[in-house]
Each structure stands twice: as C-alpha cells, then as structure tokens.
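Q: I'll drop the sequence and a predicted model, then ask my questions.
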Amino acid sequence: MDPLSTLWETFFDWDAMREALPEMLTVGLPNTLILAVSAALLGSVLGMLLAVAGISRTRWLRWPARVYTDVFRGLPAAATILLIGVGLAPLGMQVWGPNPYPLGVLALSLIAAAYIGEIFRAGIQSVEAAQLEGARALGFSWGEAMRLVIVPQGVRRVLPAWVNQLIALIKDSSLVYFLGLVASQRELFRIGQDYAATTGNESALLLAGLFYLVLTVPLTHAVNWIDRRLRQGRAVAAPDLDVELDPAGAPAPTGKDPR
Amino acid sequence: MSTATATGTSVSLAVRDVHLAFGRHQVLRGADVEVARGGTACVIGPSGSGKSTLLRTINRLIEPDRGDVLLDGRSVLGDDPDALRQRIGMVFQQFNLFPHMTVLRNLTLALRKLKKLPEDEAVQVARAQLDLVGLAHKADVRPAQLSGGQQQRVAIARALALRPQVMLFDEATSALDPELVKGVLGVMADLASAGMTMVVVTHEMGFAREVADTVAFMDAGVVLEAGPPSAVFEAPEHPRLRRFLSQVL
C-alpha cells in the first residue's frame, strides 16, 4: 500500500466513522452539550457575582474576586479540572456518590466564571456614569439601578465575547475525559479517542472533530453577526450632532433596532 | 405645545450655606438659593462656578459637606435619599435616557418598580405624560431614534411622571441644536406657569428673564447676587455679574 492511501485510510475510513457515528450522536453529542451549556449557565451566574464584586467599593469583595480571577485564568484548564475532579472526589462521594461528572461540570464552570466575570465587568464598566446618575435621580437605589439599568446594558455590549466563551467551553468540555467517565457519560472527544485507541485508526477522532466544528463554526459566525448588529446599534445610540445638522445628510441614522 | 401638568403639591425650596469640596478643591463655598412654592429660580454664571454641583446637592446625588437643604422649611438631609429623589425630578444636559428601553418603558420603569403601579396603570400614566410633551406617537421607539429635543422632552416627561414636587434642570438645552432649543424651553416655561417649583441651571438668558421669579448669579461656589430678573439683568450690582452679563448678552 502506498503511503498516501495509508494516510487516507487512517483519517477517512468511512466504515470506522459509520461505526462510531451512532454513539457520537446519542451519547457524545448530548454529553458535550450538557457539559458546555450547564457550565456556561453556572459560569455566567458566578461570573456576574464576580463582576459585581470586582467593581464593588468594598475591598473585601474586590480583592477576593481579583484573586479568584487571577488563579482560575492563570491555571491550565487541564490542571484545574484534575485538581477539582480528583481533589474534591471524596467530598463528591458523600454528596452524590462515585460520579465524577458533576465535578467536571463544576470545574468547567469555575474556569468559565473567571473569564465570564471579566467579560461582564468590562461591559458593566463601559456603561456611562450618566446612566447611573439618571437612574439614581429617579429614586432607584444603587442596587436597583445596577440591576435594571446598568447591567442589562453592559451585558448586551459584551454578548459577542460571551458567545466566544461558550465556544471555548464546548472545546474545553473534552478535558473532562481525565476524570474517568463511565461509558454513558463520555463526550464527543472521548468516544472518538476510544474508537481510535482500539482500532488504531484516527477516523472516529476526525469525526469527533467534525462534530466540534459543526457546533463551533456557526457560533463564531453568530458572534460576528451579533457584533455587527451591536456596532450599528451603537452608532445610532450615540446620535452624531453633525449628522443631524448637515442637511445634505451624511447617511442618517438608519433607525435600525439592534436589540 | 402645552405641558399643563397635574403637579403634585408644590413645595418651597431653600438651599442654605452649602459647602462642598472635592478633595482639596472647594467647589461650593456657602451657596444659598430660595425658591417660593411654585416659583422658578434660574441659576446663571460662568462654567465651573458650581451651578451643576449645587443642583446635585439639592437631590443629594452629591452630599454637601455643610449647610442645609429645606423643602417647605424642613431639612431633607436626614431623609432617605432614594425616597427624596422620587419627590425631586431632575433633567440632565445629556438627557440620560436608558437607550436599551423604548420611550414608554423609560417612563414606566420607575412607575412600576418604585411607585409599584400595575403595568396597565403605569402605561396609562406614561402615555398621558408623553402626550403632554407632544410625543405620544413615539412611545414605542428607542431614544436613539429621536432628535435631541425630543429626547429631552421624553426625559422631562419621565421625571414628571413620578409627580415630583420640585424639578431641577441642569443645562437642559445646552446639548441641543439651536433649532431644537425652543421646543424644550417651551415645555419648561409651561411647567413653570403650571406652578411647579423649579431650579433651572441655564445659559439661556432670555428664558431666565422671561420665566424666572428669581435669578441667582453664581461664581466660584457662591451666589453673589440674587433677585428678580428685572433687578439682576437691568441693574446688576456686583461687578462680576456686570462683567458676566456683558459677555453673554
């Protein structure tokens, strides 16, 4: 056999792919999505707490948020997942038995929270101080003004970065394979790798890769789309007085509603 | 357009000897303003004289270091600031509308969350208030789709929807194109003649002359001279007021 067809067989063995496909669809894909989405949700809740703590006037909230963010952004994801998945296993044993899956979700969430917290904080801080003053002048407390006026605007502005984080989570969810999941808990990467290990053929792993791309590529395009909508929205949101004055009319605000 | 408004019970307002420093920079050095019930005081003066800061000490967006603010003769410095601000409406130079909400929701937000009105009642109040500033037909658009003048009228309606007893205007027309100023000043003049107690920081000397009961000239953190517009504009006593008027008139 010539080397080229060997190479072809290694990656594009259709039979190997066909064999792996059912398990990818029924076990791998759901698990990858469960891991990524639940970590995104938990990570966003924790991230919002970190963001608000990070801009607090109390240093006893600000500093812990800072340290947390530095630690969890600074460690390799694989190390964090192992440390939490293995380190907290005895604790998890008492709560839900010998199941590393929840710890995998927890580890992914804690990592995501550090990144998402920074994203939210940047968004919240980008909202003009005048918005807070406007809300306070109506009689809203600081907390109400943040919750009703500032945070919704801030989060909207960083939606593209948030979706990017979701993409990262989909990919990072493959790392929970470290924790020794049982057959029904395996996600896309683990299933592909198991097939590859038993057959010595990488086609199933390539198939797993294709699954990841099917999930992530549309999301990257969604990011660009959201980003474009927000940009157009922002141009309208800050009406340019010169445009208003110019009767010849540089393109007038389109009045397109970004949200 | 008419803004005859169902004002709540107007109150008198007194600012007494207010001092404020930002760090070592003394912004207010004993400023006084008196407004009778239903009266309008216009605060004029050069940039950086502390006019806007003085306004913010009235609704305690900034807490004064010293001095007192009285509504109907009673000090408000011991009140809950959030409750106080519901009684005092404020309009800003940059409107400060919430860009992520429709015009209607800009008005209903405080009605629902602070006044605890049910949704349909809040909408009713808001629409009526928008109607008074001639913008009922813009209820469902976002602020960014309005002209500056329309945005400022929405901001005024938003403040009035809470039935305040006092209205504060911080250079409400300074950010507007010249042709849009008149509409906003008209709304403010209507409000004044409807009996709202108002403090208006402004560069519009024509407005001050026609609408104000009292004109207060501020410089370097104090009110140097105050009186009816006829006195302040026709017979200014303080040399700095004379110089200021010669520059702006």
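A: Ah, there it is.

Q: Look at residue B:129 and give its secondary structure.
A: Following DSSP: H, G, I helix; E, B strand; the rest coil, we place residue B:129 in the helix state.

Q: Which positions in chain B make contact with chain A?
A: B:59, B:61, B:82-86, B:89-90, B:92, B:94, B:96-100, B:109-110, B:113-114, B:141-142, B:144-145, B:147-148, B:158-159, B:162, B:175, B:177 (Cβ under 8 Å from any Cβ of the partner chain). Every C-beta, even on glycine, is put in place using the N, C-alpha and C of the backbone.

Q: Please enumerate the strands of chain B.
A: Along chain B, the segments classed as strands by DSSP state E run B:13-22, B:25-35, B:40-44, B:66-71, B:74-75, B:88-91, B:166-170, B:197-201, B:214-219, B:222-227.

Q: Tabulate the ones you listed (JSON lines), appending mean neighbour count and mean pLDDT.
A: Shown next, in JSON lines, are the strands of chain B (neighbours: other Cβ atoms under 10 Å in any protein chain shown; pLDDT from 0 to 100):
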{"stretch": "strand B:13-22", "mean neighbour count": "19", "mean pLDDT": "96"}
{"stretch": "strand B:25-35", "mean neighbour count": "19", "mean pLDDT": "95"}
{"stretch": "strand B:40-44", "mean neighbour count": "26", "mean pLDDT": "97"}
{"stretch": "strand B:66-71", "mean neighbour count": "17", "mean pLDDT": "95"}
{"stretch": "strand B:74-75", "mean neighbour count": "12", "mean pLDDT": "95"}
{"stretch": "strand B:88-91", "mean neighbour count": "27", "mean pLDDT": "96"}
{"stretch": "strand B:166-170", "mean neighbour count": "26", "mean pLDDT": "97"}
{"stretch": "strand B:197-201", "mean neighbour count": "26", "mean pLDDT": "97"}
{"stretch": "strand B:214-219", "mean neighbour count": "24", "mean pLDDT": "96"}
{"stretch": "strand B:222-227", "mean neighbour count": "20", "mean pLDDT": "95"}
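
Q: Nearest to residue A:156, out of these?
A: strand B:88-91 (25.4 Å; Cβ to Cβ).

Q: List the contacts of that closest one.
A: Outside strand B:88-91, the residues within contact range by Cβ atoms under 8 Å, 6 or more residues apart in numbering or on different chains are A:137, B:55, B:58-59, B:61, B:152, B:155-156, B:159-160, B:162, B:164-170, B:172.

Q: Count residues in the vicinity of residue 60, would you?
A: Went with chain A since none was named. 8 (other Cβ atoms under 10 Å in any protein chain shown).

Q: wait, chain B
A: Neighbour tally, residue B:60, other Cβ under 10 Å: 19.

Q: Relative to chain B, which residue of the stretch 1-150 of chain A is the closest?
A: residue A:134 (3.0 Å; Cβ to the nearest Cβ).

Q: how about the closest residue to chain A within chain B, what does it touch?
A: When scored by Cβ to the nearest Cβ, chain B has residue B:96 as its residue closest to chain A, at 3.0 Å. For residue B:96, the contacting residues are A:130-131, A:133-134, A:137, B:155, by Cβ under 8 Å, 6+ apart.

Q: What pLDDT is listed against residue A:239?
A: Note for residue A:239: predicted pLDDT of 42.

Q: ah, wrong one, I meant residue A:165
A: At residue A:165, the model reports a pLDDT of 93.

Q: The helix or strand where it lies: which residues count as buried?
A: Assessed by DSSP states H and E, residue A:165 sits inside helix A:159-172. By 16 or more other Cβ atoms under 10 Å in any protein chain shown, the buried positions in helix A:159-172 come out as A:159-170, A:172.

Q: show me where chain B has helices.
A: For chain B, the helices defined by DSSP state H occupy B:51-58, B:81-87, B:103-113, B:119-132, B:148-160, B:178-193, B:205-211, B:229, B:239-248.

Q: Which elements pack onto the last one?
A: The contact analysis (3 or more Cβ pairs under 8 Å, 6 or more residues apart in numbering or on different chains; DSSP states H and E) places helix B:239-248 against strand B:214-219, strand B:222-227.

Q: So what's the model's average confidence on it?
A: Averaged across helix B:239-248, pLDDT comes to 94.

Q: what is the orientation angle of that helix with strand B:214-219?
A: 100 degrees (axes from the mean of the first three to the mean of the last three Cα atoms, to 10 degrees).

Q: Return the set of buried residues in helix B:239-248.
A: By 16+ other Cβ under 10 Å, the buried positions in helix B:239-248 come out as B:240-241, B:244-245.
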